[in-house]
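Student: Below: sequence and its predicted model.
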Amino acid sequence: MTEQVQQRMNADLKIGILGCGPIAQFAHLESVQKARNAVLHAVCDADEALANRFGTFYDAGRIYLDYDAMLADPDVDAVIIATSDAFHVPAALRAIAAGKHVLCEKPVGVSVEEVEQLAAAAQESGCRVQIGHMLRFDPGIQAAHAFISGEMGDMLAFKAWYCDSTHRYDMTDAVQPLPRTGRHAMKPSGDPKANRRRYYMLAHGSHLVDLARFLAGPIVAVEARLHERFGAHCWFVDVEFESGALAQVTTSWATRVKRDDLIQVQIDGTLGSAIAGGHRCFVQSLAATPKPTWNVEVPQQMNFDEQWQEIPDNEPFKNSYRSGWEQFLRHVAEGDPLPSPMLEGAKDVQLTELCYQSDRERRWISVPS
């Protein structure tokens, strides 16, 4: 912990946001403004119009067009890196060199090699680096995590499913303000989505491998297959955990949903099961497991959905970005556990690369320790 942060133990930490593009507009700017232990001290963007527009709207104390100038600001305690994926690691390395703590959007990097470089730099510097895997902080996932830790018994199996529904983007555009873009915003060289197979696994599949590890523990092997048809990219991944539990993880695009949310996990244990989406979690204990009958002559008479008990959420609602930020800053200021540390993000990038490799080579891939 730096002397500067120690002096602010009882005060809000001052945050600088790098990048005023879509993810900052949809998530980070407002989350920092609402966080109970943070002050939006500065924003920075190479596009002057974007920086001025959102810095002014969200009452940032200072507006920068040069990243190094923001990093040189002695009042900035931590930075959010909300840029294109290709800029994550270079920007994080510069922040660490300047002595700033970092929350970086996922995926933390675009290759295992650069992520390992960042992990080494973070460990050597003593700066804290958290990866923005915000699904960990959704109330439904938090409830499932608590059930797994306390009541489920030994884990038998894990299933996870993530879907960008057929009409999700059209509907989002209809009800949500369109993100503002800038003529002079920095863009990575080439097309980061040119290899759609790898891009979808890295950008979207990383959500699922992160949730699998968060809820079920270390992964020791994966076997993945990609099915591409009619513009849909569907990944099917079999997973083996260190505990011996097995998993099926699926990501789908341009498909339909008959669930409570666009993401859902199911965890089965010796003493009970949990099914959770982003906002709701349902559990069923071994003692409450129904006893159905089977008759080939008549439809099933039991409604299995009614047998699950919803875990009540009595906490004030916070979006997952805000919750993640508040926990990260409590770690920086007070030493609370780091909820999504750098090494977790590095492992997620490694696993997405191994899934991509498994599909190409049509075989199981062991995860290096």
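Tutor: Arrived safely. It should be emphasised that the depicted structure is a prediction, and the values quoted were computed from it without experimental measurement.
Student: Name the nearest residue to Leu354, ignoring sequence neighbours.
Tutor: Distance criterion Cβ to Cβ, 6 or more residues apart in numbering; nearest residue to Leu354, sequence neighbours excluded, is Ile365 at 4.7 Å. No exception for glycine: its C-beta is placed from N, CA and C like everyone else's.
Student: What is the neighbour count of that neighbour?
Tutor: By other Cβ atoms under 10 Å, the residues close to Ile365 number 18.
Student: low-scoring pLDDT stretches of the stretch 251-369 of the chain, where are they?
Tutor: Scanning the stretch 251-369 of the chain for pLDDT under 70 picks out 253-255.
Student: all helices for it, in order.
Tutor: Under the criterion DSSP state H, counting those that start in this stretch, helices of the stretch 251-369 of the chain are mapped to 320-334, 342-361.
Student: C-alpha coordinates for the shortest one, PDB please?
Tutor: Taking only C-alpha atoms (Å, rounded to 0.1, in the frame of the first residue of the first chain), the coordinates of helix 320-334 have been written out as PDB:
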ATOM      1  CA  SER A 320     -22.200  -5.600 -10.600                       C
ATOM      2  CA  TYR A 321     -19.700  -3.000 -11.800                       C
ATOM      3  CA  ARG A 322     -20.300  -0.800  -8.800                       C
ATOM      4  CA  SER A 323     -20.100  -3.800  -6.400                       C
ATOM      5  CA  GLY A 324     -16.800  -4.900  -8.000                       C
ATOM      6  CA  TRP A 325     -15.400  -1.400  -7.700                       C
ATOM      7  CA  GLU A 326     -16.300  -1.000  -4.100                       C
ATOM      8  CA  GLN A 327     -14.800  -4.400  -3.100                       C
ATOM      9  CA  PHE A 328     -11.600  -3.600  -5.000                       C
ATOM     10  CA  LEU A 329     -11.200  -0.200  -3.300                       C
ATOM     11  CA  ARG A 330     -11.900  -1.800   0.100                       C
ATOM     12  CA  HIS A 331      -9.000  -4.100  -0.700                       C
ATOM     13  CA  VAL A 332      -6.700  -1.200  -1.600                       C
ATOM     14  CA  ALA A 333      -7.600   0.900   1.400                       C
ATOM     15  CA  GLU A 334      -8.300  -1.700   4.100                       C
END
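Student: who's in contact with Glu30?
Tutor: By Cβ atoms under 8 Å, 6 or more residues apart in numbering, Glu30 lies in contact with Tyr58.
Student: for it, phi and psi?
Tutor: Glu30 adopts backbone torsions of phi -70, psi -30, taken as degrees, to the nearest 10.
Student: sorry, back to before: who's the residue nearest to Leu354 bridged to?
Tutor: Val222 (DSSP bridges).
Student: I'd like the distance between His101 and Val209.
Tutor: 25 Å (Cβ to Cβ, to the nearest Å).
Student: now Leu50
Tutor: For Leu50, the distance to Val209 - Cβ to Cβ - is 32 Å.
Student: So the two - more neighbours on which side?
Tutor: Val209 (27 against 24).
Student: on that earlier part again, looks like the residue nearest to Leu354 contacts Ile219 (just checking).
Tutor: No - contact criterion Cβ atoms under 8 Å: Ile365 and Ile219 do not qualify, at 10.5 Å.
Student: What ranges does the stretch 151-300 of the chain have for its strands?
Tutor: 155-165, 219-229, 232-241, 246-255, 263-269, 272-276, 281-285 (DSSP state E, counting those that start in this stretch).
Student: orientation of the second one relative to strand 232-241 in degrees?
Tutor: Interaxial angle of strand 219-229 relative to strand 232-241 (axes from the mean of the first three to the mean of the last three Cα atoms, to 10 degrees): 160 degrees.
Student: Buried residues of strand 219-229, list them for me.
Tutor: The neighbour-count check on strand 219-229 (16 or more other Cβ atoms under 10 Å) flags Ile219, Val222, Glu223, Ala224, Leu226 as buried.
Student: Farthest-apart pair in those residues, please.
Tutor: Across the buried residues of strand 219-229, no pair lies farther apart than Ile219 and Leu226, at 18.4 Å, counting by Cβ to Cβ.
Student: got the contact list for Pro179?
Tutor: With contacts defined as Cβ under 8 Å, 6+ apart, the neighbours of Pro179 are Gly21, Pro22, Gln25, Phe26.
Student: which among these gets closest to Ala247?
Tutor: Among those, Phe26 lies closest to Ala247 (Cβ to Cβ), at 29.7 Å.
Student: measure Thr270 to Ile219 for me?
Tutor: Distance of Thr270 to Ile219, computed by Cβ to Cβ: 21 Å.
Student: Kindly report the same for Leu93.
Tutor: 27 Å.
Student: coming back round to it: name the nearest of the buried residues of strand 219-229 relative to Ala60.
Tutor: Ile219 (39.8 Å).
Student: just checking, that closest one touches Leu208?
Tutor: No - contact criterion Cβ under 8 Å: Ile219 and Leu208 do not qualify, at 11.2 Å.
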